[in-house]
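*Asks:* Got a predicted structure plus its sequence, pasted below:
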Amino acid sequence: MLTREAGLAADVRVNDVRLWDSLMEMAKIGPGVAGGNNRQALTDADGEARALFRRWCEEAGMQVTVDQMGDIFACRPGTDSDAEAVCVGSHLDTQPAGGRFDGILGVLGGLEVVRTLNDHGVTSRRPIVVANWTNEEGSRFPPVMMASGVFAGVHSLEWAYARKDEQGKSFAEELERIGWKGAEPVGSRKFKAYVELHIEQGPVLEAEGIDIGVVTGGQGLTWLRVSLQGTSAHAGTTPMWRRKDAGLGAARIMDLVHQVAMSHQPHAVGTAGRVELCPNSTNSVPGSAEVAIDIRSPNASVLAEMEASIRGGAEAIVAKLGLGCEIARPQHAAPILFDAGCVATVREAAASLGYSRRDIVSSAGHDAYWLSRVTPAAMIMCPCVDGISHNEAEEISSVWAAAGANVLLHTVAKLASAADHHN
Ligand code: HGY
Ligand code: MN
Ligand code: MN
């Protein structure tokens, strides 16, 4: 069978109804309490979602393999089996109060690309791989983008396996328990390019009435974990001057994070999304506290300055309150730029499809951050309602989903050297 690299016919579009139905089917797994999802990494719900994704990929004629971090790779063969594959994908795990589209659109959008190529009998010279990266959210097992970080050599497999959740369960034992610990060495697989479709998770595209975000890069992010040591004491009998109140320290450090972010406007952001007090009892002065901090900026030196200000400010706070303090940095990703060639292919695909588009820097972290260390990478974004995400109210339209998937389809077809149609 002769295959010309004629490329994918310009009028081919994804099946928007099938894509939306798949998103809604997947959303039934690990439901939240307000219409979104709570499908945290390595829970039974995550396992169920993975099984559904694997079934769909096998039904689409793909060969599915799993690596030692549980990353799933569904491969559609190309005509040249020696050619490096083009990879598309994202993540199926969600935040505890997550939406139905953050990550999921990129995985099922990739599946829809393959389904559409199958519908039209289009072959591609390069294999196409649809990936699901384990534990992108880093909520149950910090940090974020964990498995793609191991894949890119940012974390060791042993370090990742040893991460524990709040119940003290390790990543390795939970991965084993849900039956998704694969054999493929992590990072052994090489790609020609990686393209990730993702909702913006911010307000820009919708506010400007733009269909497609051509993602040129991503802002940097740092996580700090501040552990405070005071003295647990009776809330009634202990005079104020005698207290070593770790809860008060945590409150002041939360405010410090906000002040530091506000001093680097308009781009810097910062919050303390998780605070644990011990013994966490109304009538006991908190004896210890853990404050988990997330700060971000598109500018590397501003991010470093913010971290220094928080470290310095926290030292002053704990000195005044007579607390012990340890600060760890479980996560740091410098600001990144995506591959100019891949970004141009995304931009051309969006233009050829007639979508309104604009360059945008990602404010959220994504697996593409780490993939860009080991392969040329780019991202495509679609709007989301009011920019809401990491919230069960996260919402997109099927039109936005289809637009993003169409740009993904034509980008992948170009990168994989899709040949002509055969039926
Ligand atoms: O935290 C992030 O930026 C990503 O949504 N996990
Ligand atoms: Mn995501
Ligand atoms: Mn997320």
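*Replies:* Ah, there it is. Ligands and ions are numbered 1, 2, ... in the order given.
*Asks:* what's the residue closest to the geometric middle of this structure?
*Replies:* For the chain, the residue nearest the mean C-alpha position is His366 (3.8 Å; CA atoms, centre = their mean).
*Asks:* Quick check, it in contact with Met145.
*Replies:* Yes: counting by CB atoms under 8 Å, His366 touches Met145, with 7.1 Å between them. Glycine gets a C-beta too; all of them are placed from N, C-alpha and C.
*Asks:* What's the end-to-end length of stretch 34-42?
*Replies:* 22 Å (CA to CA, to the nearest Å).
*Asks:* Kindly report the same for stretch 11-21.
*Replies:* End-to-end distance of stretch 11-21 (CA to CA): 22 Å.
*Asks:* roughly how far apart are Val399 and ligand 1?
*Replies:* 23 Å (CB to the nearest ligand atom, to the nearest Å).
*Asks:* which element is that residue on?
*Replies:* helix 398-415 (DSSP states H and E).
*Asks:* Mind listing what's buried along that helix?
*Replies:* 400-415 (16 or more other CB atoms under 10 Å).
*Asks:* what's the overlap in contacts for His366 and Met145?
*Replies:* Any residue near both His366 and Met145 by CB atoms under 8 Å, 6 or more residues apart in numbering counts here, and that gives Glu136.
*Asks:* which one of the buried residues of helix 398-415 is nearest ligand 1?
*Replies:* Checking those against ligand 1 with CB to the nearest ligand atom, the nearest one is Gly404 at 16.6 Å.
*Asks:* what's across from the closest residue to the closest one other than its chain neighbours in the sheet?
*Replies:* Leaving aside its chain neighbours, Gly404 sits nearest to Cys382 (3.8 Å; criterion: CB to CB, 6 or more residues apart in numbering). For Cys382, the beta-bridge partners are Ile199 (DSSP bridges).
*Asks:* What of Ile327?
*Replies:* Here Ile327, judged by DSSP bridges, has bridge partners Val226.
*Asks:* OK, contacts around it?
*Replies:* So Ile327 contacts 224-227, 311, 314 (CB under 8 Å, 6+ apart).
*Asks:* And Gly273, by the same measure?
*Replies:* Counted by CB under 8 Å, 6+ apart, Gly273 has contacts 292, 294.
*Asks:* surely Thr79 meets Ile128?
*Replies:* No: using CB under 8 Å, Thr79 is not in contact with Ile128; the gap is 11.7 Å.
*Asks:* Tell me which of the two has more neighbours.
*Replies:* In this view Thr79 and Ile128 are compared by other CB atoms under 10 Å, and Ile128 has more residues nearby, 24 against 15.
*Asks:* tell me the pLDDT at that one?
*Replies:* The model reports Ile128 with a pLDDT of 98.
*Asks:* again with His421
*Replies:* Value for His421, per-residue pLDDT: 55.
*Asks:* start at 15 instead
*Replies:* All right, first residue 15 from here; so that's His435.
*Asks:* neighbours of the closest residue to ligand 2 within the stretch 215-364 of the chain, just the number please.
*Replies:* Closest contact between the stretch 215-364 of the chain and ligand 2, by CB to the ion, is at Gln215 (7.2 Å). The local packing of Gln215 (other CB under 10 Å) involves 20 other residues.
*Asks:* How about it: what's its closest non-neighbour residue?
*Replies:* Using CB to CB, 6+ apart, the nearest residue to Gln215 is Ser403, at 3.7 Å.
*Asks:* need the contact list for the one you found.
*Replies:* 113, 116, 213, 215-216, 378.
*Asks:* so it, which of the three states?
*Replies:* coil (DSSP: H, G, I helix; E, B strand; the rest coil).
*Asks:* same thing with the one 3 residues further on?
*Replies:* Following three-state DSSP, Glu406 is assigned to coil.
*Asks:* which residues does it contact?
*Replies:* 46-51, 111-113.
*Asks:* run the last query once more with 6 Å
*Replies:* By CB atoms under 6 Å, 6 or more residues apart in numbering, the contact set of Glu406 is 46, 48-50, 111.
*Asks:* and the closest residue to it other than its chain neighbours, how many neighbours does it have?
*Replies:* Spatial nearest neighbour of Glu406, chain neighbours left out: Gly50 (2.7 Å); criterion: CB to CB, 6+ apart. Using other CB under 10 Å, Gly50 is surrounded by 26 other residues.
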